[in-house]
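# What follows is a predicted structure for the sequence shown.
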Amino acid sequence: MSVQFPEYLDVDYEGGEGQDPEDYPTIEDKIEKAIEVTKTGLEQYENPAVMWTGGKDSTLTLYFVKEVADRFDLEVPPVLFIDHYQHFEELHDFVEHWAEEWDLEVVYARNEDVGAYVEDEGLEPGDDIEIDELSEHNQHHVREILEYEEDTFPFLLDTYVGNHLLKTVALNDALEEHGIDGILSGIRWDEQESRANETFFSPRHDPDIYPPHDRIQSILQFKEADVWEAFWNFVVPETVAAYPEEGYVPQSDDDLPEGVSQEDIPVSPKYFAGFRSLGSEISTDKAAEEPAWLQDLEGTTERAGRAQDKEDLMARLRDLGYM
């Protein structure tokens, strides 16, 4: 990473402050802003990466990256996938398939120390991990940063210690290893209370907490329904040659245009199955039986299917570098 960071950048860290999705009233307004932020991010940062989970928000972010790179003759940066060892298998398949389809360089961020311990001990999700058996690096995070005093913690993603070690530590180690100075991230203002005050360019410059970098957040202004509107009217028609150009909203997993299969569409099959948010296989349930985009998006909570002990700690986790 450049020793000048962040002085070589010319970005507006206050852009989006005090705003909400209503400040971008049409889907065209939202897309225009996403393109503007994405273009600035790709041009300004020396070594950016795209955070890609295989979920709808990060895939929409990646779509804008690909479109902007193509339109303005810019490079598509590597994508960063945090492998926390508890993903739905379908998510791995989805990421591998579309990474090959779109010719993406995928960087897998893993806490390999925890992963090796789990494998060596034959642990299942929920089993206890002995903290003293982990590396000094992980012990430092548990004891000094989290100030966690127990001897063990459960091998579960959606807990305070588990989330920090399996996601945040893995992410920060990857940022440092690859010298990443800007992450294009698909978070949204309406998704979670602790994200409501985020700006389009969000600094993470404290070297005592994380490798200095910025978060480039191009779809803050999208609500959940807007994301699906963008998928069925832009992302899917422009990705799938046989898809109707005017867009078509499927009503089920077998209600697709003739000649189009679910594998042809850059939408995770878990959304077709009724999941609205893709966390871990262990602690995320489907929200309803119908596809995600047909559910009551305004009257129900998007992340209701996730374990709430982690959701309630979101603000603290974000202070430590969580997305």
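Received, thanks.
# Could you use CA atoms for every contact and neighbour count after this?
OK.
# beta partners of residue 216?
The residues paired with residue 216 through beta bridges, assigned by DSSP bridges, are residue 184, residue 201.
# Helices of this protein, start to end?
Along the chain, the stretches classed as helices by DSSP state H are 27-44, 56-72, 89-101, 112-121, 136-140, 160-163, 170-178, 224-230, 236-239, 269-272, 308-311, 314-319.
# now the angle between helix 170-178 and the fourth one, please.
If you take axes from the mean of the first three to the mean of the last three Cα atoms, to 10 degrees, helix 112-121 sits at 120 degrees to helix 170-178.
# Just the pLDDT at the residue nearest to residue 92 when sequence neighbours are not counted, thanks.
Counting by Cα to Cα, 6 or more residues apart in numbering, residue 92 lies nearest to residue 54, which is 8.0 Å off, once chain neighbours are set aside. Here, the pLDDT recorded for residue 54 equals 94.
# Correct me if wrong: residue 54 contacts residue 93.
No. With contact defined as Cα atoms under 8 Å, residue 54 does not reach residue 93; the gap is 9.5 Å.
# When these two are compared, which one has more neighbours?
Comparing residue 54 with residue 93 by neighbour count (other Cα atoms under 10 Å), the higher total belongs to residue 54, at 24 against 13.
# For that one, give me its contacts.
Residues counted as contacts of residue 54 (Cα atoms under 8 Å, 6 or more residues apart in numbering) are 91-92, 94-95, 268.
# Just the buried residues from these, in PyMOL please.
Remark: buried members of the contacts of residue 54, expressed as a PyMOL selection using 16 or more other Cα atoms under 10 Å:
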select buried, resi 91+94+95+268
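# export the contacts of residue 54 to JSON lines and tack on pLDDT and distance to residue 189?
Supplementary listing: these in JSON lines, determined by pLDDT from 0 to 100; distance: Cα to Cα, whole Å:
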{"residue": "91", "pLDDT": "91", "distance to residue 189": "24"}
{"residue": "92", "pLDDT": "92", "distance to residue 189": "27"}
{"residue": "94", "pLDDT": "95", "distance to residue 189": "26"}
{"residue": "95", "pLDDT": "96", "distance to residue 189": "25"}
{"residue": "268", "pLDDT": "95", "distance to residue 189": "22"}
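# How confident was the prediction at the residue lying farthest from the centre of the chain?
If you look at how far each residue of the chain sits from its centre, by Cα atoms, centre = their mean, the farthest one is residue 258, at 31.5 Å. Residue 258 is assigned a pLDDT of 92 by the prediction.
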